[in-house]
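Trainee: Sequence plus the predicted model coming up.
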Amino acid sequence: MSFAPSTPIAGAAVTGFTAPTYTIVTDVAPSINGKQFAVSAIGGTQTGVDVNTVSKPFTITFFRPAVLRSLPAANPVTGVIKAIPSNTYKLITRKGAQPASNQPSQICRITTTIEVLAGCDTFEPEDVKAMISAHFGVGYAQAAGISDTVLSGVI
């Protein structure tokens with residue numbers, strides 16, 4: 001299945017939020033190689049959180065490479081593939097937020113870049129899946145700690 005988040009998204013537990021959810025609607029991605037969703041409603045206890053607006057966006061966008069690269073042929077003498085290309089995917093979450101009183105909203109961003117070497121997708125897809133599962137699993141499990149660190153600067 002391709003990138004197609006179901007709505008509402010169950011947010012991870014973070015300090016001060018109780019059972020956060022995010023209702024999303026299909027939006028227009030900034031490029032043809034992306035899928036974008038805008039947060040149209042929130043649920044649970046999230047006092048002060050705004051949904052997507054023009055001046056305070058709250059979007060989730062997934063991009064694939066413009067040109068998907070495949071594994072080149074191995075050197076017929078050595079059997080070595082000299083330069084293995086990579087396919088880079090990105091997941092970007094944007095959230096408008098005010099930096100101070102009476103100031104215009106600015107964009108805060110989370111960008112996860114996924115680099116998959118050509119060939120790994122077919123030769124060892126289980127390792128690619130494990131990498132993605134572990135990455136997002138730790139992000140989900142550590143959402144409270146990550147948000148506390150981002151706000152306090154203390155790791």
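Mentor: Sure, I can see it. Residues are numbered from 1 along each chain as shown.
Trainee: what's the offset of the longest helix seen in the chain from the middle of its chain?
Mentor: Longest among the helix segments of the chain by residue count, using DSSP state H, is helix 125-141. Mean-position distance between helix 125-141 and its chain equals 13 Å (C-alpha atoms, centre = their mean, to the nearest Å).
Trainee: ok, now which ones touch residue 53?
Mentor: residue 96 (C-beta atoms under 8 Å, 6 or more residues apart in numbering). No exception for glycine: its C-beta is placed from N, CA and C like everyone else's.
Trainee: one more time with 10 Å
Mentor: Neighbour list for residue 53: 38, 96, 105 [criterion: C-beta atoms under 10 Å, 6 or more residues apart in numbering].
Trainee: Residue 11 and residue 42: what is the separation?
Mentor: Distance of residue 11 to residue 42, computed by C-beta to C-beta, to the nearest Å: 9 Å.
Trainee: What is the neighbour count of residue 52?
Mentor: Applying other C-beta atoms under 10 Å, we find 21 residues neighbouring residue 52.
Trainee: Pretty sure it sits in a strand.
Mentor: No. Counting by DSSP: H, G, I helix; E, B strand; the rest coil, residue 52 is located in no strand; its state is coil.
Trainee: Wait, residue 54 touches residue 96, no?
Mentor: Yes. Between residue 54 and residue 96 there is a contact under C-beta atoms under 10 Å: 9.2 Å.
Trainee: Which of these two has more residues huddled nearby?
Mentor: Neighbour count, other C-beta under 10 Å: between residue 54 and residue 96, residue 96 has more, with 18 against 6.
Trainee: Phi and psi next, for that one.
Mentor: When read as degrees, to the nearest 10, the backbone of residue 96 gives phi -70, psi 140.
Trainee: can you map out the helices along this protein?
Mentor: Using DSSP H, helices in the chain cover 120-123, 125-141, 143-152.
Trainee: what number of residues lie near residue 80?
Mentor: Neighbour tally, residue 80, other C-beta under 10 Å: 7.
Trainee: Enumerate every residue touching it.
Mentor: residue 74.
Trainee: For residue 62, see how far away it is.
Mentor: Counting by C-beta to C-beta - residue 80 and residue 62 are separated by 34 Å.
Trainee: One more: residue 130?
Mentor: For residue 130, the distance to residue 62 - C-beta to C-beta - is 20 Å.
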